[in-house]
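J.: Show me how the following folds:
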Amino acid sequence: MGSNFFGIMLALGCLLHGTSVRGEKVVGKELIDLPWLDLKDQLINEINLIDTTPDKYVSECVDEFKKPLPLRWPDNLIDQPSGLCMMALYCAFESCDPVAGNLEGTKSSDLNVTFIEKNNPRYNLPPKVLFPSAAGDVVAAIKFAQDHNIEISVKNSGHHYAGGSTKRDTLHVNMNKYKEYTHTANGIIECNKDVGLLDMKQIMTNQACALATARKCPAFIRIGGGENWNNTYRAVDTWNDKTDGNKYHIVGGGAGTVSPMGWTFLGGLAGATLGRRYGLGADQVLQIEMVLPNGNHVRFGPTAWQKETNYLYPKTIQVTGECNKNYVSTDEEDWRWTECEDAINFDDLWFATLGGGGGTWGIVLSIHYQLHNQQNLYFGFHPAPLILAPTSKLNYTDDDKKILAKFAWEYTFDFLFDPTELNLTESDSNVCGGISHEIYCYEEASREIYFKGWLNHLKTHRPADLILIKFFETVPGYGTLPVPDSYTHASYAKRSEFPYMGGPPDLFPVTYNAYNPVFTKKAIFDNKSYFAEFLANNGCVPYFAFPFSSGAQIAHDQANSVPRSYRDGVMMVYMSSATYYDNSLFRNVALDDNTNDFPSIIGSNHAGPHHLGPLKSNWTSTCPLKWSQEKREKLCISQQQATYGSVVLTRLELIKESVDPTYMFDCHRCIGNNRKKLTKGKKVKKAKGKVKKSPKTTKK
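T.: Got it, this is the predicted structure:
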């Protein structure tokens, strides 16, 4: 996300989800006293399993947060030896709260040293951290957890907005030192079009290229489970720089230190990387390699599909997987991929992982991720935020600036979501997207159309009482590219400065107490003037990252769990939960009828630790912040239901029960985390024969 995106400060947000019960796992001293030497004996390098304490968190992580905000560097946290650091300091505590309660009001931006004392009972840190270096380490960890009835938590960089990548009383698997693939000789694979003729059921090694070819993608990149977008963008840029042949573009995230794993599996907004044309991050995945809670090391992906006229990508109709029988080898040439002995429903697993979140279905070791033909990036800024910026040199009163900003937002709505209103085509529009203040276009003509069109629109359609002479005299080059040359995105993204360093780490997550509803095109255009005025008057900067166009809204395989809020949405704005639910022009119209299935209304990638839906008894009433956590959990719609909606959530919960019946993976705000779980003494059963598919349309 863009640099300014992290600085957006909006009003109050919401709290937690439904009742969450840990279950009777081995915890505390009993966990500490387990035979950890047995696990060390199974590892490639036993020093990769370490003991951790809150003391280590304080000594390794806190100093970075004492620096002025612009000088904080995410890599200084990710690379700490304990693997405990989080991108939000206080997400080391339960629900990112160093002190329970006090959800009302804005949290202080000043570090409170009393919060981080080692005896704070709210620390949510694991006592053991494993840095796996190969697949065998991960399998060993999961089998150890299975044998001793303990939970596993998973992390790459610690960006999870709800704090779901850490948990006390768990074996923590930190993937940061796992094997990297992006910069290896086989990191980027170019695909022969004839590979689509191969029998994918027999040759899974060719499956990724066959599917990429069916999607008209020329190549793919393999990304390791511990890599981040910075690694990945640099790999693509290196390829493009060194090769005389084909050059590629990748649809990816807006912060270099974010993991393509967690980002992708929550949907993956890609407003800066042609997501509005090619779809979300989850729509780019061709094959997944992971270790399941039953210990199986699997790889799987679509092996049968059919082309549909109304979709950019073919529809997945069958997903096939294999199990590795020689996972202990560090040489992948020695891996033996065969038919799995256990019956695994790979169709359900594909559906669940692509949209249903990371850290809850198992541990992902790598993904095969499609690439597109290279296109140049042309960068600029949305007019409205610049008009309202404190540094703006426009000689207008504050009221006139708001009038002008409102007019600018109306223009931007038309350009991005209804270009025919401006006598433009959708192809002019869908190569552009926005994050925070920035707009990214992948055709120079489209960028020029956007900015020149704005100025012409301003001249001919401006409010009658707004004089523009001073505007043009003061800012003659308004809205033009701030640098002389265009970039490829991979080249632009590898820079160390904002936005791709990942934004400065802060004390609380951005959405700690701000709600993140996603608005549909109909909602905005039914009340376009009202929405534009709200953004202008409140200094809000929307997130224009949603694939709403004739091409990209249908750029998926129709076999994933990406929330409908992402599929149907056009804009996400941070606001208070009360502002959303109390305003009939804001809230989703489906909330006015309590008798139907609850809809998908918030974004999954940015849902905070305290996000809850409205009252269960009245969907137009916000869940009061003044209530206790227990009361809010009991009487309010869960975060999971507000994210996925009732129908999709029901299917995801059934898949969770099948894939992980003991809740070995039970991260905060993840699927199933808000439900009671009976786990004492329960062992994972290895199912034989056919596995019944979970229903695809079940009302909750």
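J.: State whether residue 367 is indeed within a strand.
T.: Yes: assessed with DSSP: H, G, I helix; E, B strand; the rest coil, residue 367 lies in a strand.
J.: Count the neighbours of it for me.
T.: 29 (other Cβ atoms under 10 Å). (Glycine included, C-beta is placed from N, CA and C.)
J.: With the one 10 residues further on instead?
T.: Around residue 377 sit 24 other residues, with neighbours defined as other Cβ under 10 Å.
J.: Same question for residue 535.
T.: Using other Cβ under 10 Å, residue 535 has 25 other residues around it.
J.: With residue 213 instead?
T.: Neighbours of residue 213 (other Cβ under 10 Å): 20.
J.: ditto for the one 10 residues further on
T.: Neighbour count for residue 223, taken as other Cβ under 10 Å: 28.
J.: cool, residue 412 as well?
T.: For residue 412, the tally of surrounding residues (other Cβ under 10 Å) stands at 23.
J.: How about the one 10 residues further on?
T.: Here the neighbour count serves as a burial measure; for residue 422 (other Cβ under 10 Å) it reads 19.
J.: repeat for residue 318
T.: Neighbourhood size, residue 318 [other Cβ under 10 Å]: 14.
J.: Who are the packing partners of the helix or strand residue 231 falls within?
T.: Using DSSP states H and E, residue 231 sits in helix 229-242. Contacts defined by 3 or more Cβ pairs under 8 Å, 6 or more residues apart in numbering; DSSP states H and E place helix 229-242 against strand 188-190, strand 219-224, strand 248-249, helix 260-265, helix 489-493.
J.: Let me know the average pLDDT across it.
T.: The pLDDT scores in helix 229-242 average 92.
J.: That one: which residues count as buried?
T.: 229-240 (16 or more other Cβ atoms under 10 Å).
J.: which one among those gets closest to residue 576?
T.: residue 229 (30.4 Å; Cβ to Cβ).
J.: ok so, going back, relative to strand 219-224, how tilted is the helix holding residue 231?
T.: 140 degrees (axes from the mean of the first three to the mean of the last three Cα atoms, to 10 degrees).
J.: Distance from the chain centre to helix 229-242, please.
T.: Taking Cα atoms, centre = their mean, to the nearest Å, the mean C-alpha location of helix 229-242 is offset from the chain mean by 21 Å.
J.: Same check on stretch 611-620?
T.: 24 Å.
J.: Okay, buried residues for that stretch please.
T.: Under the neighbour-count rule (16+ other Cβ under 10 Å), stretch 611-620 has 611-616, 619 buried.
J.: ok, residues contacting it?
T.: By Cβ atoms under 8 Å, 6 or more residues apart in numbering, the surrounding residues in contact with stretch 611-620 are 13-17, 162, 511, 515-516, 577, 581-582, 584, 587, 591-594, 598, 601-602, 621-623, 632-633, 635-639, 641-642, 669.
J.: buried subset of the residues you listed?
T.: 13-17, 162, 511, 515-516, 577, 581, 587, 591, 598, 601-602, 622-623, 632-633, 635-639, 641-642, 669.
J.: I'd like the list of the contacts of stretch 611-620 that fall within helices, please.
T.: Among the contacts of stretch 611-620, the members found in helices (DSSP state H) are 577, 581, 632-633, 635, 639, 641-642.
J.: Could I get those residues in JSON lines, plus columns for distance to residue 114 and pLDDT?
T.: Formatted as JSON lines, the ones in helices among the contacts of stretch 611-620 follow (distance: Cβ to Cβ, whole Å; pLDDT from 0 to 100):
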{"residue": "577", "distance to residue 114": "29", "pLDDT": "89"}
{"residue": "581", "distance to residue 114": "35", "pLDDT": "91"}
{"residue": "632", "distance to residue 114": "26", "pLDDT": "90"}
{"residue": "633", "distance to residue 114": "27", "pLDDT": "90"}
{"residue": "635", "distance to residue 114": "32", "pLDDT": "96"}
{"residue": "639", "distance to residue 114": "29", "pLDDT": "95"}
{"residue": "641", "distance to residue 114": "36", "pLDDT": "96"}
{"residue": "642", "distance to residue 114": "34", "pLDDT": "96"}
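J.: Need the max-distance pair from these.
T.: 581 and 633 (17.5 Å).
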